[in-house]
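Participant: Need coordinates for the below:
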Amino acid sequence: MPSTLFTKLPAPLITYHKNMFRVAVVEDDQNFATRMKNYLRRYASTQHLALSYDFYSDGLSFLDKFAGQYQLVFMDIIMPGANGLETAAKMRQKDQDLCLIFITTQPQYALHGYEVSAFDFIVKPLHYNLFEIKMNKAMRSIHPDESIVINQPGDDFRRLSIRDIFYVESQKHYLIFHTSQGEYRMRGRMSDVNERLLVQGFVNIRKSILVNMAYITRVDNDTVGLDGTCLPVAHSHKQEFRQQLAVYLAGKA
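Facilitator: Numbering: from 1, shown residues only. Presented below is the predicted three-dimensional model:
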């Protein structure tokens, strides 16, 4: 059983990658895990960064709780049970974009990290100066404002790039995300996404529809066109919609 250091938080229904960075450390050596915890605290403090972190003592416990809630994962390669490479391969089946940094005492294993798209690797022992360099490099590669992770029926999840979302509609107790890769459905309300997407170039054309203005190709009296899709604009939203669209287009000019 893991010590209290190895805490696991439940995955959220919707994860907004904004401001708060969530980090996981998968490491069976509790002494090294404690060092990583101290380093993360120090880094968050010196960088004035809102950062949360969870620790897992083995790959299986990590996979059991993993639901796309992390932007960065530090993973030991040599662990009992499923090793880091095996764990990462299963993780990649769910999330291709997560920033992964391997931890190892044997540098030769790092070469295999490219098979699972590892971003970087750390060789033990680790000193804070090198840790800070690795963190800075990782943070520059992560764009927290550009994606949403949604839980789909069956406890599956999907990371959606905000720029790939055409529009979101609410039907009964579900949200439907219409994207360039297809449609994705999850339980939720429009209020769950409104605040987040309205600052990313989206606008409400009715209570149940939120449109990405980047994809608007035509505006008629009561409808808006999105490259082959015609959506109705509610009378109660028409004036606000046109004002928001004018501001958006002016900013693009």
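Participant: Low-confidence bits of the protein, can you list those?
Facilitator: For the chain, the stretches flagged by pLDDT under 70 are 1-19, 110, 143-145, 152-156, 252-253.
Participant: try 80
Facilitator: Judged against pLDDT under 80, the low-scoring parts of the chain cover residues 1-20, 48-49, 107-112, 140-149, 151-159, 196, 199, 250-253.
Participant: can you map out the helices along it?
Facilitator: For the chain, applying DSSP state H gives helices covering 30-46, 59-65, 84-92, 128-141, 191-198, 235-252.
Participant: Kindly calculate the angle that the last one makes with helix 191-198.
Facilitator: Translated: helix 235-252. Using axes from the mean of the first three to the mean of the last three CA atoms, to 10 degrees, the direction of helix 235-252 lies 30 degrees away from that of helix 191-198.
Participant: Include distance to residue 170 and mean neighbour count when you put the helices of the chain into CSV, please.
Facilitator: From N, CA and C alone the C-beta is placed, and that goes for glycine too. Output for these, formatted as CSV (distance: least, CB to CB, whole Å; neighbours: other CB atoms under 10 Å):
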stretch, distance to residue 170, mean neighbour count
helix 30-46, 36, 16
helix 59-65, 29, 19
helix 84-92, 31, 20
helix 128-141, 34, 14
helix 191-198, 9, 15
helix 235-252, 14, 12
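Participant: Columns distance to residue 150 on top of those, output as CSV?
Facilitator: What follows is these, written out as CSV (distance: least, CB to CB, whole Å):
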stretch, distance to residue 150
helix 30-46, 27
helix 59-65, 17
helix 84-92, 18
helix 128-141, 23
helix 191-198, 9
helix 235-252, 24
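Participant: So which of these is nearest residue 213?
Facilitator: Evaluated over those, closeness to residue 213 peaks at helix 235-252, with 4.7 Å, by CB to CB.
Participant: So which elements touch that closest one?
Facilitator: Applying 3 or more CB pairs under 8 Å, 6 or more residues apart in numbering; DSSP states H and E, we find helix 235-252 packed against strand 202-206.
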